[in-house]
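Enquirer: got a predicted structure plus its sequence, pasted below:
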2 protein chains.
Amino acid sequence: MSAAAALDELRDALGASHVDTSAEGMAPHLTEGRGLYSGSAIAVVSPGSTEEVAEVMRAASRHGVPVVPHGGNTGLVGGGVPTDAIVLSMRRMNRIREIDALNSTMTVDAGCILQSVHEVAADAGRLFPLSLASQGSCQIGGNLATNAGGLNVLRYGNTRELALGLEVVLPDGRILSDLTALRKNNTGYDLRDLFIGSEGTLGVITAAVLKLFPLPRQRVTAFAGCADPHKALALYDLMRGSVAENLSAFEYLPRFGLEIVLTHADGATDPLAGPHAAYALLELTSPDASANLRGTLEGLLGRAFEDGLIEDATIGASETQNLALWRLRESMSEMQKFEGGSIKHDVAVPVSRVADLIDEGVAACLKLMPDCRPCPFGHFGDGNLHFNITQPKGMEKAAFLSRWPDFNHAIHDIVAGMHGSISAEHGIGLVKREELKRYKDPVALEVMRAIKAALDPQGIMNPGKVL
Amino acid sequence: MSAAAALDELRDALGASHVDTSAEGMAPHLTEGRGLYSGSAIAVVSPGSTEEVAEVMRAASRHGVPVVPHGGNTGLVGGGVPTDAIVLSMRRMNRIREIDALNSTMTVDAGCILQSVHEVAADAGRLFPLSLASQGSCQIGGNLATNAGGLNVLRYGNTRELALGLEVVLPDGRILSDLTALRKNNTGYDLRDLFIGSEGTLGVITAAVLKLFPLPRQRVTAFAGCADPHKALALYDLMRGSVAENLSAFEYLPRFGLEIVLTHADGATDPLAGPHAAYALLELTSPDASANLRGTLEGLLGRAFEDGLIEDATIGASETQNLALWRLRESMSEMQKFEGGSIKHDVAVPVSRVADLIDEGVAACLKLMPDCRPCPFGHFGDGNLHFNITQPKGMEKAAFLSRWPDFNHAIHDIVAGMHGSISAEHGIGLVKREELKRYKDPVALEVMRAIKAALDPQGIMNPGKVL
């Protein structure tokens, strides 16, 4: 490996100003959001075109230098932490290449900020539905590389389901051009989905064709209180079976989760008169301005009340009220911080088991530590919970967090027993690599390694991540 | 290669009755549906379990014998034609392993007939939406291996979008167990989508977890006459933008297509009073029995008429009338036979270009042969047309069919110019292998070959297909 020679070649090819070796320039790229991991880089290189990305990979390949692609560096599993590597920043590649409203697609550079993708789509009368807390800074290339989830998966799918074509620079600098904007295409192996979710370990996604959807012209949002998560699951089944895709969100909060939001979030008020053990935040949307969504939702909630599935519910009477209901859910993660340390999980099980997961997970946590405060919340309708555990009151934060592996194994073993996933939407990165070896089918790991070796024989693409 | 030794081992492992070397037993497996290609087999082997499939692959691998997996053998591109190979028939593996209505999934053996999958899902109050002409005999494993399309792609996606997990026996007999029933799972590379659509060249799909949907409780079907395909495209845009996923089909027929159905199909009548150049068959479905689908459709068709998008339209007044409208579309392929030879294409372009494709394709055909009769029809809302050309009246059929390559290149060049696909839903198989080399990105072909070599280094899985 000759890092210096590689950097010299890249200064020639890209211009010296796009090869940053300054401590200040590199600092934001060395750590991940939670500050749990930090690494080291030999430079932050910012190519301005696909051909320049190919130059970077050719130079890295010639000299055996590792490369870690960076979007907004908002990942939560350390997937972007470099070790003596070139950080390949996609920030300069932020053009919208094309929008085709009639085909409901747009072609974008990988470095486009998610929020700007939303805005351009909306200007064309279309929706790009991927919705994440970090949408103001994350890049679409990172969303694709990690197959990001978020709040709209129930109706529109994961990022994987939102891409039709990709352009990828391979580890040796070859450019794979598969920017098709087609709904149907059976011409060979599906390479697109191999790169989506591979966390930068197989190549650099440089552009994508994204699927767009009709813009919703109305939404109704409801907040329902249930006696337990099993009742919430029955409510989900009633809703989904009645309105199908029009059910665009079905999120879950336990009473403890709502309480910490009510305690710590400015202006938050309980939308229901009394307390309930389990809450569902649900939303119906439609592009049909004349559809009677509110009437449909009122009818279904009325039926749910009669059938004993809910104890109480309210429907947002205005967009202001809808947003207030959503804020209760969206401020969950942040408000947990005010209660001390949190041990976190991002797990999924079949939707039919999600209430069981809450019961069994809570019991397992309390068995490990009787005064811990479990707070499983999240994307209930996808079977995906952020099964977080808040520390006991008065305990030292570090002492609580030192028990992270015990809680991990307890929750992950329950999830594995339900044929679930130990990483539903955040990926593997650095953080879950050992857990992956513990829970993944060994033949699947062998096939992954064979593919990695076939596409990246030198092992220079984001080494040490996933596998 | 020692075929005899392999067969001896398989007689021991599976029982002699499941290793068929008789001419009668092998005959149905040697040709494809249209009779264009025929091959040769050394035996038809019918394992009864995943472990027995693994035995077959281990024996084949030890002795270097090629294996061609067979479902219902209903493919249209010669993907199942063997050459001195073991045909691995999945017919005995036809169990429904599990149905989980609350999770909207079912787990099935690969040898289940598509129709029986529909029936079991419906009994549980759910829809499995994949709908094909061959559904009475094709198997779900074959549908997955070829990523089959069909009539419901507009709302529900291709077969790829209908699977959550797979079980696959690799060429060396290892069993990859990835039968997850999860909506979200980011634990490593997406191997599922690599095997889906690989046409049996990377492994044998032995089981799958399928996605189910709410059962539609109503449908309304309309047949609209338009002045040209561009008006039909504007109608599609209006419909999709107004009702989103509730638009479950948008099919296209040219006047010539309707005429041959009216001429040859028993009891077919023109649903509209006068002739129109272009027809759309469209359908709205909803699981909500109380939704006013008919009112919505009437309103939209009224608006389309006022805006000059349609010249006339009718809505089926009963399920009998709906079925009669569908029969006009579904009998297209068969009725073409009565007009002599047909040269066929299965192409896709961005939906925004589908009307251009019809215009440019028809012009190119007439330039090649002024009295040929182009009949582009099909899945307009997916951008996927079966761009068929019926022979001139009175021409000798063989003389017409000898021009197949000329018409292929004309249509495929137009499609390639629109960044389209030369095989939208049928795959590559034997028939389109040379065309694939002509039109596919060369780097994509290299990556496909690298993956093939990594997973099947001996080249025994369905050799000579796709690549």
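Expert: Yep, it's here.

Enquirer: how about residues contacting the lowest-mean-pLDDT helix or strand in chain A?
Expert: Taking mean pLDDT, DSSP states H and E as the measure, the helix or strand of chain A with the lowest value is helix A:332-336, at a mean of 91. Residues from elsewhere that reach helix A:332-336 (Cβ atoms under 8 Å, 6 or more residues apart in numbering or on different chains): A:133, A:253, A:257, A:260-261, A:263-265, A:342, A:375, A:377, A:386, A:388, A:390. (Each C-beta comes from the backbone N, C-alpha and C, glycine too.)

Enquirer: ok, now how distant is A:Leu162 from A:Gln336?
Expert: Relative to A:Gln336, A:Leu162 is positioned 29 Å away (criterion: Cβ to Cβ, to the nearest Å).

Enquirer: may I see the buried residues of the least confident helix or strand of chain A?
Expert: A:332-333, A:335-336 (16 or more other Cβ atoms under 10 Å in any protein chain shown).

Enquirer: and the very next helix or strand once past that helix, what does it pack onto?
Expert: Downstream of helix A:332-336, the first helix or strand assigned by DSSP states H and E is strand A:342-343. With contacts taken as 3 or more Cβ pairs under 8 Å, 6 or more residues apart in numbering or on different chains; DSSP states H and E, strand A:342-343 sits against strand A:384-390, helix A:404-417.

Enquirer: now strand A:342-343, how far from the centre of its chain.
Expert: Relative to the mean C-alpha coordinate of its chain, strand A:342-343 is positioned 18 Å out (Cα atoms, centre = their mean, to the nearest Å).

Enquirer: what's the first helix or strand after it?
Expert: Downstream of strand A:342-343, the first helix or strand assigned by DSSP H and E is strand A:346-348.

Enquirer: state the next helix or strand along the chain beyond that next one.
Expert: helix A:354-368.

Enquirer: tilt between that following helix and helix A:404-417?
Expert: Angle of helix A:354-368 versus helix A:404-417, following axes from the mean of the first three to the mean of the last three Cα atoms, to 10 degrees, is 150 degrees.

Enquirer: now do helix A:354-368 against strand A:384-390, angle only.
Expert: Going by the same axes, to 10 degrees, helix A:354-368 makes 20 degrees with strand A:384-390.

Enquirer: now for helix A:354-368, which elements pack on it?
Expert: Packing partners of helix A:354-368 (3+ Cβ pairs under 8 Å, 6+ apart): helix A:229-243, strand A:373-379, strand A:384-390, helix A:404-417.

Enquirer: looking at those, which is nearest to B:Asp190?
Expert: strand A:384-390 (17.0 Å; Cβ to Cβ).

Enquirer: what does that closest one contact?
Expert: In contact with strand A:384-390 (Cβ under 8 Å, 6+ apart) are residues A:149, A:153, A:252, A:256, A:260, A:332-333, A:336, A:339-348, A:354, A:357-358, A:361, A:365, A:372-379, A:407, A:411, A:424-425, B:183-184.

Enquirer: what number of residues lie near the spatially closest residue to A:Arg174 that is not a sequence neighbour?
Expert: Distance criterion Cβ to Cβ, 6 or more residues apart in numbering or on different chains; nearest residue to A:Arg174, sequence neighbours excluded, is B:Val443 at 5.0 Å. Neighbourhood size, B:Val443 [other Cβ atoms under 10 Å in any protein chain shown]: 17.

Enquirer: name the helix or strand for B:Val443, please.
Expert: Assigned by DSSP H and E, B:Val443 falls in helix B:442-455.

Enquirer: for that helix, buried residues please.
Expert: Counting neighbours by 16+ other Cβ under 10 Å, helix B:442-455 gives B:443-444, B:447-448, B:450-452, B:454-455 as buried.
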